[in-house]
Structure formats: C-alpha cells, structure tokens
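**Student:** sequence and predicted structure are below.
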Amino acid sequence: MKSNPKYEISITAQKELTDLLGEKNVCFTRDLLSVYRAKPFGQMFREAVNPHGMVQPETVEDVQGILKIANKYEIPLILAATMGPGACLEGGLIVDMYSRMRKIHKIDPECGYALVEPGVTCGQLLKALRPHGCWVSFGSYPPIQSNLSTLVCCRAQTNAIGKEDDFCRGIEVVLPTGEIVKTGSAGLGYDMWADTHGIPNLKWLWQPSMGTLGIITKAAIRIHPLGEVQDIVIAGFNNFDNAIEWSHKITREVMVNTSMVWSYHWVQWENYAHNNGKGFVKYINDMLTLKPDEAPPGYYPMYAFASISGFKEQVEGNVKACQRLAKELGGEIVNEKFKEQNPGCWNKWEHSFLEHVNPGMALERSHIYGVEAGMEAFTVETNVRDGKSFHHAILRRLYEKHGLRHVRYYTRQLDHGRTSFQRYLFMHDAFDQETLDREIEVEEDLLKWTSTKEFKEQFPNIVPFAPVAHSSAVGEIGKKEEEIPVHYGLMELDRRIQEVLDPNNIMDPVMRRKEE
C-alpha cells in the first residue's frame, strides 16, 4: 500500500500542532512512526502504511485544539490506543490517546464506577481499586492494555459477562468541532455518572478506534465489589456441543461472573506461555499429530470454566449447580487434575478469575522478527444454536482443505448467554514469508466461504466479527444496490450522522478512502 499524498500534513499545520503541544509531544518524521502503523496482526495490518504525523495530547483542551487544527486543514485523524491504531491505511495524523492521558479522576465504590482517561490501563486501575475492595472487568487483556479500549471498544468480551453486558456508564467526548459532550446523568449536569432515561443514550456513537465520530476523553467504567468468596469450576468435555451448552446455561441463569470454553490446543498454548516455557516439546509434538478437536489420552479436547464470586452461601450453591449440570451433560469436574496437568494455564486462570488480578499474557512476537501478521484469527458472533454447527464446519474446512491441525479456539457467551462469541486462531506466530503467504491464503478462503450463497443459506445467523467485516468492506464499494449486504443500511445511517457531526470527514479515513 502507498500513502495518499492528500493526507500529508502541511508545514503550517505542523507548526500549529507543535505550538499547541510542544516539540516533545509531536512527531512528523515518518520513518520513526512505524510503531503507530497498526496493531501487529490481522488483515488490516498488511494494508497499513506509516502515518504522516503523531500527536500526544495530555488534556481535554489539547484534544480540542488538535481537532480544531485538523478541521481547519482537513487532516484525517486515526486514534491510537495501547497497541496502535486499528490501521493507518493511507496516512494521516495519529492521535495517541494512551501515552499522556492516564489520570484516574474518581473512584466511587458506592455508586460503582471509576472515571478514567483513555490511557488508564487495566493494571493501573486494578491496583488503585484494591484498597477500595473492588475490581474491574478485564478479560484476558494484559495489564498494559487500556481500560477504555477493552471495556468501551470491546465491551462484553471480558469478565462479569454473565451479570452485565455494558461496562460503560457514560463518556465525555470532544466532537470534531471541538465541542464537549457528556452522556447519561453527567450530560444533565449531575456530579455523577450513570445511565439515565432523562436523555437518549447516545454513548455508542463514539468508540476509541478508527471511524468514530469524535474523541473520547473520559469514560465512567463500572467497578464491582470483590465479593466475600471467590471460586472457579473447571469441567472437561469430550463434545464441543455439550461444553458450550454448559457454559450457555450457567451464563443465562446469571450464576457466574464469566464462563468460557477453551480447546485443548488453546489450553496448552497458554500453559506453555505462562509456565516459563516448560512443556514446549510436548506442546509442539501435540500440534503436529492432533486434529483441531482432539486431545491426547488423559486430557479432554475442550475445557469449560466458570468464575463465581459473592457471599459464601451464594457461591457454594452456584458451584454445586455447575457441578450437577456438568455431569448431566456428560462432563466431569477436573479442577485438581487441571492444576496438575496445566500449571501455567491454571496460574493464569487463578490470577484472572479468582484473585481478579491480571498477570499479563504472552506477547505477539512476530512483528519483532520483521514479519507482518501473526496470531491470525477468524471470529464470529452468533447464537449458541448456530454456533455449534458452524464450529464443526470451520474446523472441518481448515483441516480438510488446508491441512491445519493447530487450530486454537475459545468461545464465551455475551449478553447474558444470548449471543456466542467464537474465535479461531488457525496459525501460530509467522516467522517467514512462506508462512505469512499461507496465512493470507487461509484468511482469504474463509472470507470468500462466508460470503457465498451456500454459506448464507446454511448459516444465516453467522456474522463475521466487525474487524474482519470492516476490513473487507472496501471491496463492496461500486457494487449494485442488490449486491450490497444488509448491514450497509446501517452504514448509510452512520454516514448521515457523520455528515452532521464531522462535515469535513476527518475522523474516518476508511470512509474517505472509499469516497476518493
């Protein structure tokens, strides 16, 4: 991909941005900006280019100034959080919301929220919450990940999803015009943050990512009491359908904080990653011999777990219910055996789901070796019923057509068990061009497969997760109206809102790319 000369930042604009923020907080030397190109994996990373500049605001006033200058010179903006932007496709100005905007403005245990800036990390907030007897949902994200990215942008792909599906109580956002908007009760002028029926809830118009309609400068994140007792139940299953049914039932009944199903392959990858490299040879041998839904003797092909917290009597009752349901579905409770067989993975689960402290995770390393894209994933959101049949179909296709044995997957229930989030990683770290080319080939095959008439007839409720759908959307432009997917009606509504809030289209370089 080549950068777009229309996205270049004039010397005059560079000077105004430098005068606003200071020389230490701006950069317009493009060969120094590769770290802001994109996150180090995925289809969009391969299409990305270095941006033309980068700015690091520290205050709301800084953000207002940046937006006014960008509007004045019609400079396209790309927001960057913890790991970089979604993707810098043709250049423009990166707004780094992570490096300097890292204040925790308020912790209110009684009302159940913390007011944070975009750069506040999971680890930073968890540490600050412990003296208050609270914790915040964080999923499997490392402690350096921004809470705003994980809980506003990614929302319910985190802990406590069995009890909540909205982790944001409100936001403060700066519109492209420089105006400040607050949502929820804070929008009514109250010194508190909560969802309210007093005014329309518009907070999901804005996200800390590419294509948003403004820049979020504060978010009120829901926090939870630690609970009197914490426990975790691990069940082994020989059948994916039964494993996901167990997870679905206990999540739907709002019994647990979170529940997930992990394949044996995923468990072993995490075990190796969090056990100081021990077991690497066994891990490699298993990946060379086992099919995606197989496990060696003595192990289960998939493990489902649930974390539970609350008052003692409540936790004890929910644990017993989880045990009974596992037995009814042909599973077995394997806590002690799992600890012995998978000490690294257990250590991660114990920290994350029992102690509510994030120990970190293995880093994606492929970009360090100069190879683009590792940890390639294909993700869908669907209902639990259709997710079962899709699971078997995608594993069969990856194995029979591409010969892939090493397919890691996990699934969790969203929206109180009503929706299934399923992720499949069909490659390990890519260290050479040959592996990368194969990775691209597999990804393109899956995208073509999911867009066929036969697939849509068989799986009408399978929706590829937004990053995949969004990254391939550019190819839809120019098609006849009857050929355009239904979701483009939503994109048209979004475009009309965008025309009002962002008339110069500085916040959505992808849409600008399509128009040009």
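**Tutor:** Here it is on my side, so go on. Residues are numbered from 1 along each chain as shown.

**Student:** C-alpha only now, for contacts and for neighbours.
**Tutor:** OK.

**Student:** for Ala304, what are its contacts?
**Tutor:** Residues in contact with Ala304, defined by Cα atoms under 8 Å, 6 or more residues apart in numbering, are Ile234, Ala235, Gly236, Phe237, Ala243, Ile244, Trp246, Ser247, Ser259, Met260, Val261, Trp262.

**Student:** list the contacts of the third one.
**Tutor:** For Gly236, the contact set (Cα under 8 Å, 6+ apart) comprises Ala243, Tyr300, Pro301, Met302, Tyr303, Ala304, Gly331, Glu332, Ile333, Val334.

**Student:** got the confidence number for the last one?
**Tutor:** In this case it means Val334. Looking at Val334, its pLDDT reads 97.

**Student:** of the contacts of Ala304, which belong to strands?
**Tutor:** Counted as lying in strands by DSSP state E, out of those, are Ile234, Ala235, Gly236, Phe237, Ser259, Met260, Val261, Trp262.

**Student:** the closest residue to the last one other than its chain neighbours: which element?
**Tutor:** Okay, so that is Trp262. Nearest residue to Trp262 in three dimensions, chain neighbours excluded: Tyr410, at 4.5 Å (Cα to Cα, 6 or more residues apart in numbering). Secondary structure assignment for Tyr410, by DSSP states H and E: strand 408-414.

**Student:** show me what the next helix-or-strand element following that strand is in contact with.
**Tutor:** Past strand 408-414, further along toward the C-terminus, the next helix or strand under DSSP H and E is strand 419-425. Around strand 419-425, the neighbours that count as contacts under Cα under 8 Å, 6+ apart are 375-384, 387, 407-414.

**Student:** so which residues of the stretch 1-150 of the chain form helices?
**Tutor:** Secondary structure of the stretch 1-150 of the chain (DSSP state H, counting those that start in this stretch): helices at 11-21, 43-47, 60-73, 122-129, 147-148.

**Student:** ok so, going back, most neighbours, which of the contacts of Ala304?
**Tutor:** Ser259 (32 neighbours; other Cα atoms under 10 Å).

**Student:** residue contacts, the nearest residue to Gln124 once chain neighbours are set aside?
**Tutor:** For Gln124, the nearest residue in space outside its immediate sequence neighbours is Pro143; the separation is 7.4 Å by Cα to Cα, 6+ apart. By Cα under 8 Å, 6+ apart, the contact set of Pro143 is Thr121, Cys122, Gly123, Gln124, Asn358, Pro359, Gly360.

**Student:** next: Lys106.
**Tutor:** Ala114, Leu115, Val116.

**Student:** and the gap between Leu129 and Glu294?
**Tutor:** To Glu294, Leu129 is 41 Å away according to Cα to Cα, to the nearest Å.

**Student:** settle it for me: which of the two has more neighbours?
**Tutor:** Set side by side, Leu129 and Glu294 show unequal neighbour counts under other Cα under 10 Å, the larger going to Leu129 at 21 against 18.

**Student:** make TSV out of the contacts of Lys106 and add pLDDT, distance to Glu313 and neighbour count.
**Tutor:** As requested, the contacts of Lys106 are arranged in TSV below (pLDDT from 0 to 100; distance: Cα to Cα, whole Å; neighbours: other Cα atoms under 10 Å):
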residue	pLDDT	distance to Glu313	neighbour count
Ala114	95	29	24
Leu115	95	32	23
Val116	95	34	24
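
**Student:** which of these sits closest to Ile75?
**Tutor:** Looking at those and their distance to Ile75, the nearest is Val116, at 27.6 Å (Cα to Cα).

**Student:** I'd like the distance between that closest one and Tyr303.
**Tutor:** 35 Å.

**Student:** with Asp386 instead?
**Tutor:** When distances are taken as Cα to Cα, Asp386 and Tyr303 turn out to be 20 Å apart.

**Student:** that older thread, take the contacts of Gly236 and keep only those in strands.
**Tutor:** Met302, Tyr303, Ala304, Glu332, Ile333.

**Student:** identify the residue spatially nearest to the second one, adjacent ones excluded.
**Tutor:** With sequence-adjacent residues excluded and distances taken as Cα to Cα, 6+ apart, Tyr303 is closest to Gly236, at 4.7 Å.

**Student:** tell me the helix or strand right after the lowest-mean-pLDDT helix or strand in the chain.
**Tutor:** With mean pLDDT, DSSP states H and E as the measure, the helix or strand of the chain carrying the lowest mean pLDDT is helix 466-471 (a mean of 39). Proceeding N to C from helix 466-471, the next assigned helix or strand is helix 488-501, under DSSP H and E.

**Student:** which other helices and strands contact that next one?
**Tutor:** If contacts are counted by 3 or more Cα pairs under 8 Å, 6 or more residues apart in numbering; DSSP states H and E, helix 488-501 sits against no helix or strand.

**Student:** any idea of the mean pLDDT in that helix?
**Tutor:** Averaging pLDDT along helix 488-501 gives 71.

**Student:** and the strand or helix carrying Arg396 with strand 408-414, angle?
**Tutor:** Under the criterion of DSSP H and E, Arg396 resides in helix 384-402. Angle of helix 384-402 versus strand 408-414, following axes from the mean of the first three to the mean of the last three Cα atoms, to 10 degrees, is 160 degrees.

**Student:** return the set of buried residues in helix 384-402.
**Tutor:** Counting neighbours by 16 or more other Cα atoms under 10 Å, one finds that the buried residues in helix 384-402 are Val384, Asp386, Gly387, Lys388, Phe390, His391, Leu395, Arg396, Leu398, Tyr399.

**Student:** what is the nearest of the residues you listed to Glu90?
**Tutor:** Leu398 (32.4 Å).

**Student:** on that earlier part again, quick one: the buried residues of helix 384-402 as TSV, columns for pLDDT too.
**Tutor:** Rendered in TSV, the data for the buried residues of helix 384-402 read as follows (pLDDT from 0 to 100):
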residue	pLDDT
Val384	86
Asp386	91
Gly387	91
Lys388	93
Phe390	95
His391	95
Leu395	95
Arg396	95
Leu398	94
Tyr399	94
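
**Student:** would you list those in CSV and tack on distance to Leu33?
**Tutor:** As requested, the buried residues of helix 384-402 are exported to CSV (distance: Cα to Cα, whole Å):
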residue, distance to Leu33
Val384, 42
Asp386, 43
Gly387, 40
Lys388, 43
Phe390, 40
His391, 39
Leu395, 38
Arg396, 41
Leu398, 36
Tyr399, 39
